[in-house]
Structures are given as C-alpha cells and as structure tokens.
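Visitor: coords below, sequence missing:
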DNA sequence: AAGAGGCCTCTTTTT
DNA sequence: GAGGCCTCTT
C-alpha cells in the first residue's frame, strides 16, 4: 500500500497521510480545529491493523469524552476487517481506562475489587461529613471549595503529604487536612472518586513493576486525542506505558486548551518534543469544516492570545454568509430572536439536528428552554441537570452501591431512612459513633449497637439489604431485575405513589427509564453501577430524532454543526466574571470562544444581551471584548426592536462607524417603541427623579435617573445597593 | 420523627 | 429562581 490511490487514503491530504503512515517513533500532530484529526486517528488505527496486523487489543486509544470514544470505536470498526473486530478493545476514555485497570488490580492498592465510584455529590457528602467530624467551620471554609482544592491537588498529582507541605494559606491547610482524611475514608468505604481512577492507576503502575511491564508490552501503539488537555496523572500514565515501544502518537491543538481548571496542563503538549527528542511533528492546518468567514472570525479572536504556538488555519472553502450579531434587550429577547431564526432556517430546508445553541454556563439554558417550549421547537439538552443527578435515581443507585459494597457509608447514610423507616438523626449519630469506635462501616456497626430506639428498624433495613445481596449472589440476577426488586421491596415506589402528584409521577417515570436502560444494556449489577457513574448525560443514548442541540461551549468541543448560535457574548459571561482578573484565565476564555466559533460549518449566529438575569435579578451587561476582536466587516449587527430608551450598548456601538449599523434611524426614534402595539391598556408614565417606587421583584427603591424618548421610558432605580434599569411598563412598578 | 416554611447561598466550565 | 439546610411546629 504505497500509493494514494488506495481507497483507504482517499480524501486524505498529504500531511494526513503522512501522519497515518508514520510508525517509527513518537509523533506529535498539531491539528487545528476542523482539520480532520479524528479521521487521522481512526485511519491510523485501521492502518496499523490492516498493514501491520497489529491486533486491536494491542492498540490503546484514549479520548476525553465517552462520546468521542464511542464515535472513534464505531469509525474504526467500519474501517478494519470484520474479522479483526475484537472484544479486547482499548478505545476508551482515560477515566474508563483507569476504571478497567483498577477493576483488575484494585487489590494491589488495598481496595476490594468491587469498589464503587463516587460522583461529585457523593464526594461532597463525604467532605461535609469529615468537616463536621473535625469541627471545621463550614461558613469560613466552604465544603465545595475545599473539595475543589482537593480535586485540584489530585489532578496535579499532589499527594496529601506534599500538598500539606506546600499549603501556605488557611484554606489550603484546611484542605490538606481534609484531603488526607478524605483519602482514608474513601479507602474505608471501598470507594474511589473520579480523580482516583487516574491517580490510583499511576500509583498502581509505579508500585507494581510486573503489571507495568505487562501493559508496556501489550500496548505496542498508544494514541491520545486532545493532548493539550492532559493533566499530570494522565501524563504519567501515558509516559510510563509508552516507555518501552515509544510509539506514542498524540494529537492536539494548543488553541483548544479549555480545561486547565481541571488540571489540564498545556506544558505537557509543549514539552512533548523535550520528552521525546526524536519526536516527529506534523502540522494539520487546513480546515475542512467552516466557511472562510467563520474561520476569519475565529482566527482574528485567537491571535490576541500571547501564550500560543503560532499557526495559521486556512481553508479553500468559499467565504459564505456573514455572521449575524444580534443585540437583545434581555435574555428572553435573545432566546426569542434565536428561536425565530431557527424557524426561518427550517423553512429554508435545514433540519433541527444541524443546529446547535451554545452557551457559557448551564444556568443559561433555562431561559432558552422556556422560549423553545413556547415555540414548539424540539430540543435536546446535554449536560446540565443530568439524569443520574436526579434525586430518585441517586437514591436507587445508592441502594445498588450498598448491595455491591456494604462498606459504602455515604450510600448507607443516603438511603437508610428513605423511604422513612422512622430512623432518626439521633439513632444515626449513634451508628456513626459505634462505627468510628470499632473501626467498621456503618452497615456493620448496626449489629454492634446496644439497645437503642430504632434498633429494630435498623436491623430490618440491614436484613433487607442482605436479602438483596443474597438474591444477587445466588441467582445472579441482572441489574434490571435487582433494580426492579429494590424499587418495589424497599417501598420506594409505594412512597412515590402515595404522593400522587405530578412531580412524583415524573420521578416514577425516571425510575422506569433507569430500569429500561438497564434492560437494554443487559449489564450485571456491578457493570451497570460503574458504567452509570462514569457516564454523563451527554452519553446517554437517546432516540436519534431530529432535534435542536443545547449545550455548553465546553461540551461542544470536538463537535460540529451547520448552524451554530452563540449566546451571551458579554463581559462577565464570556469571558466569565470569575476569569476576568487573571490574564491567563482571559486567554482560556478566548480559547473557549475560539472553540465555540469553530464549531460552525456554514453560518454563525452570535448574540449579546443588554441585560441579563442571574440569581433571580437582572443586571446590565457590556459587550464582550471578544466581540470587538472580531472583524467588524464580517459581522452583520442587528438590534432588537425591543431595545428601548437608554441603552448603554447601543450608545457605545453607534459611536463606532466601522460597524455598519443598518437600523433605519438609529440616531433618534430608533430607540423608542410604541407600547400600545402590545398592550391594550394605556399606561401613564409619570416618574421623576427622587420618586420612591415599589417593585414586585426588587422591593422599594428610589428613582435616580429618568430616560425618556417618545412614548418610551426607562428608569434607573437604586434598590438598596443594587442599581437597576427598569421599564415601568414591564417592571410592575408602583409609586410607594 | 417528619413535614412545612423560611432563609441562605449559589453558577463557571466536566470526567 | 431553585435547591439545600435549618428551625419550628405538630
């Protein structure tokens, strides 16, 4: 196969072909957005398999998301010989790789092999428990930020002792103390958190030379996707495993490094050529995805970053449409505009599945969802409130975890009194004391308890769990059957039925859904529980209906759509408030903006809102600095006709001649709006500076400034410390 | 012991 | 605006 006419190489450019064929040693592929890196990876795996007869079981290919792994797996299956399809398949995410290995060798680290994986709310519960035991003031030190510090330490490969030594502030010292205990209790509970799946794997490979050697030999080729987002434990894992064959192929784009808050360390990709001095480097700079207008917008944003490896992404695609930039009065208005544009696209022949709405924070989806529901536009939301985060699901999962692993105190605490078994706080406290005293789990401590009130209830709870354990052991029941028994025999379903309201009914439906997915997947209980914890909602296999996609900009990485809507191009949103102080964090926000823009194939719709609600109140917003970094001539700026009265964004923008503002009369009456169009009731607007007013939403305030123009009026009002811009018409104001 | 009601914090981003 | 957590009442 030394010619490019082979159908296998059809559609690949010379650099891509070189990247696929190179097998002599370490290889770094710097691949810009849309340059076909997934294609290179999948073709490479297939090439190794077909040309060199490397079995798939000897190729390790790691990605970051389950979605990417699944897609890669599927594409590889289509490229290799059907005979080569293997069950010993190692195309997976880093976390599931860690999980798979630890399932086999957890005992080497002092764990039982039936350990469970804690998700973030289990983690938080454990941290809170420890802080309570240590009598640490949770007002002064927030459990969440302590957990954040712990996770950050683990992702930087900082073990408790080192972390303590380096802890030079109050918070860090507290975190270090909790961290050490946290790790101990995880072990006691026979549980690992997400970070442990990587961390413990490193410890395993460092500690067990034989295991390390076995897998060094096994994995003749190691491929890693999104290498710019690799953290320290992941780095150690790949480095150790590739030490023997030294055939490590990594693909990455420094401009798409958006997970540094999770420990992703850009140095790892920048140091690749130092780690492997004989590394070959291939650049993929041709973008096959987007129109040149979209690419120009993306490029002119990203060039403002100081910390980057210069590269120039180009395309020979046509210019395409100009991007729309819509300026809305508020977030509802913003969503409304997007919904209208979607309808127009559909009328022109697009399908919903070719459209994505991207936003910076999950909370922003709420308003968008409201509007989409109103417009009857079907959508699917990725991330946000996950299926597995729902209370009823977590409850049932806690039962399952306890059945598998009675040492799991977090699970025990969660369900011991759900549904109510009349076991109170006091009784549980005694259980905990006893467990601590005897050094056993809560579950075991139940037997050791002297006569206390509620002891009978505790014993029967324990019996119930034991009976499930026996069912599982003797009959080898599937996950679906166990779930069914748990829901019915614990009285959980009965409890929900008794509530007989809409919410309870939805919960029952969710439980049915859980059971259904267990039936479909036909997993054992053990596998079901671990898969569910590792899976996030973005991986849930849903119907492949024609629906609009909603997700955060982070989640969108690696995906592409014909039409992409980006919401909230505002200071404080993108870039996010919490990233606005540090220059390097601004750069990460800029990369995020770059990632978001480059998701679009054909047309980009951007928007910003003059006011945005958050935490239940509304505050004025300024246009994002990234807006001004985009070439004005490539943006068609549109103003909402709901913009009214005084508007800081419009004022600012109107002063800039480079923005070709096509609004009919932007100098005067443009800002005004006739209320009577929308309302049959005529409203008398009579306010002056100094008036005391009462608002349904904000309470009492004083009018600081009046903006009026034509029939329109807005008021600047001070409510306590907060300044608001309120339109009397909409603001439900009355004079106090 | 359990439910109701009020207060408070909270929102980056995810495996 | 929502969910968690505390307190108060039954």
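Guide: It's in. Just so you know, these numbers come straight off a predicted model, no measurement behind them. Residues are numbered from 1 along each chain as shown, chains lettered A, B, ... in the order given.
Visitor: now chain A against DNA strand B: closest residue?
Guide: residue A:424 (1.8 Å; CB to the nearest atom of the strand). In short, each C-beta sits where N, CA and C put it, glycine included.
Visitor: residue numbers of the stretch 451-600 of chain A in contact with DNA strand B?
Guide: Residues of the stretch 451-600 of chain A lying close to DNA strand B by CB under 7 Å from any atom of the strand are A:453-454, A:534, A:536, A:538, A:551-552, A:554-555, A:576, A:578-579, A:585.
Visitor: with the stretch 101-250 of chain A instead?
Guide: A:120, A:142, A:144, A:194-195.
Visitor: including pLDDT and distance to residue A:256, could the residues you listed go into JSON lines?
Guide: Shown next, in JSON lines, are these (pLDDT from 0 to 100; distance: CB to CB, whole Å):
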{"residue": "A:120", "pLDDT": "86", "distance to residue A:256": "24"}
{"residue": "A:142", "pLDDT": "90", "distance to residue A:256": "31"}
{"residue": "A:144", "pLDDT": "91", "distance to residue A:256": "28"}
{"residue": "A:194", "pLDDT": "92", "distance to residue A:256": "22"}
{"residue": "A:195", "pLDDT": "94", "distance to residue A:256": "22"}
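Visitor: which members of the residues you listed are the farthest-apart pair?
Guide: A:142 and A:194 (20.0 Å; CB to CB).
Visitor: the two: which is more packed in?
Guide: The neighbour count for residue A:142 versus residue A:194, taken as other CB atoms under 10 Å, is higher for residue A:194 (20 against 13).
Visitor: which ones are touching the more buried one?
Guide: A:95, A:117-120 (CB atoms under 8 Å, 6 or more residues apart in numbering).
Visitor: from residue A:367, how far out is it?
Guide: 30 Å (CB to CB, to the nearest Å).
Visitor: ok, now residue A:287?
Guide: From residue A:287 to residue A:367 the distance is 33 Å (CB to CB).
Visitor: likewise for residue A:18?
Guide: In terms of CB to CB, residue A:18 sits 48 Å off from residue A:367.
Visitor: higher neighbour count, these two?
Guide: Legend: neighbour count by other CB under 10 Å for residue A:18 and residue A:367, higher for residue A:367 (21 against 16).
Visitor: can you confirm the more buried one is in a helix?
Guide: Yes: checked against DSSP: H, G, I helix; E, B strand; the rest coil, residue A:367 lies within a helix.
Visitor: related to what we said a few turns ago, what's the local residue count around the spatially closest residue to the residue of chain A closest to DNA strand B that is not a sequence neighbour?
Guide: Spatial nearest neighbour of residue A:424, chain neighbours left out: residue A:454 (6.3 Å); criterion: CB to CB, 6 or more residues apart in numbering. Residue neighbour count, defined by other CB under 10 Å, stands at 19 for residue A:454.
Visitor: and residue A:310, by the same measure?
Guide: Residue A:310, neighbours per other CB under 10 Å, totals 6.
Visitor: in contact with it, which residues?
Guide: Counting by CB under 8 Å, 6+ apart, residue A:310 has no contacts.
Visitor: again, but for residue A:409
Guide: A:129, A:185, A:188-189, A:435, A:441-443.
Visitor: need these in JSON lines with distance to DNA strand C, secondary structure and neighbour count, can you?
Guide: Output for the contacts of residue A:409, formatted as JSON lines (distance: CB to the nearest atom of the strand, whole Å; DSSP: H, G, I helix; E, B strand; the rest coil; neighbours: other CB atoms under 10 Å):
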{"residue": "A:129", "distance to DNA strand C": "11", "secondary structure": "helix", "neighbour count": "18"}
{"residue": "A:185", "distance to DNA strand C": "17", "secondary structure": "helix", "neighbour count": "17"}
{"residue": "A:188", "distance to DNA strand C": "22", "secondary structure": "helix", "neighbour count": "15"}
{"residue": "A:189", "distance to DNA strand C": "19", "secondary structure": "coil", "neighbour count": "24"}
{"residue": "A:435", "distance to DNA strand C": "21", "secondary structure": "helix", "neighbour count": "21"}
{"residue": "A:441", "distance to DNA strand C": "22", "secondary structure": "coil", "neighbour count": "20"}
{"residue": "A:442", "distance to DNA strand C": "18", "secondary structure": "helix", "neighbour count": "25"}
{"residue": "A:443", "distance to DNA strand C": "22", "secondary structure": "helix", "neighbour count": "23"}
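Visitor: could I get those as TSV with distance to residue A:211 and pLDDT?
Guide: What follows is these, written out as TSV (distance: CB to CB, whole Å; pLDDT from 0 to 100):
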residue	distance to residue A:211	pLDDT
A:129	33	89
A:185	26	93
A:188	24	92
A:189	24	92
A:435	33	88
A:441	29	92
A:442	33	91
A:443	31	92
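Visitor: before we move on, back to that, my guess is the residue nearest to residue A:424 meets residue A:429, correct?
Guide: No: here residue A:454 lies out of contact with residue A:429, judged by CB atoms under 8 Å, at a distance of 11.1 Å.
Visitor: just to revisit the earlier point, show me which of the contacts of residue A:194 are buried.
Guide: With burial judged by 16 or more other CB atoms under 10 Å, the buried subset of the contacts of residue A:194 is A:95, A:117-119.
Visitor: and which of the residues you listed is nearest to residue A:410?
Guide: residue A:118 (6.9 Å).
Visitor: in the stretch 451-600 of chain A, where is pLDDT below threshold?
Guide: Applying pLDDT under 70 to the stretch 451-600 of chain A flags residues A:451, A:536-544.
Visitor: OK, now which residue of it is nearest to DNA strand C?
Guide: Per CB to the nearest atom of the strand, residue A:503 is where the stretch 451-600 of chain A lies closest to DNA strand C, at 9.6 Å.
Visitor: which helix or which strand is home to that residue?
Guide: Assigned by DSSP states H and E, residue A:503 belongs to helix A:502-521.
Visitor: pull out the buried residues from that helix.
Guide: A:507-508, A:510-511, A:514-515, A:517-518.
Visitor: now for it, which elements pack on it?
Guide: helix A:391-404, helix A:479-489, helix A:492-499, helix A:525-534 (3 or more CB pairs under 8 Å, 6 or more residues apart in numbering; DSSP states H and E).
Visitor: show residues contacting that helix.
Guide: A:387, A:390-393, A:396, A:478-480, A:483-484, A:487, A:492-493, A:496-497, A:528, A:531, A:540.
Visitor: what segments of the stretch 101-250 of chain A are helices?
Guide: A:120-133, A:143-155, A:160-166, A:170-188, A:194-207, A:209-218, A:232-241 (DSSP state H, counting those that start in this stretch).
Visitor: now do the contacts for whatever residue of chain A ends up closest to DNA strand C.
Guide: Nearest residue of chain A to DNA strand C: residue A:616, at 2.2 Å (CB to the nearest atom of the strand). By CB under 8 Å, 6+ apart, the contact list for residue A:616 is empty.
Visitor: what distance do you get for it to residue A:691?
Guide: Residue A:616 is 24 Å from residue A:691, by CB to CB.
Visitor: swap in residue A:146?
Guide: In terms of CB to CB, residue A:146 sits 47 Å off from residue A:691.
Visitor: who has more neighbours out of those two?
Guide: Neighbour count, other CB under 10 Å: between residue A:146 and residue A:691, residue A:146 has more, with 26 against 17.
Visitor: pLDDT score for the closest residue to that one other than its chain neighbours?
Guide: Excluding its sequence neighbours, the residue lying closest to residue A:146 (CB to CB, 6+ apart) is residue A:175, at 5.0 Å. Per-residue pLDDT puts residue A:175 at 92.
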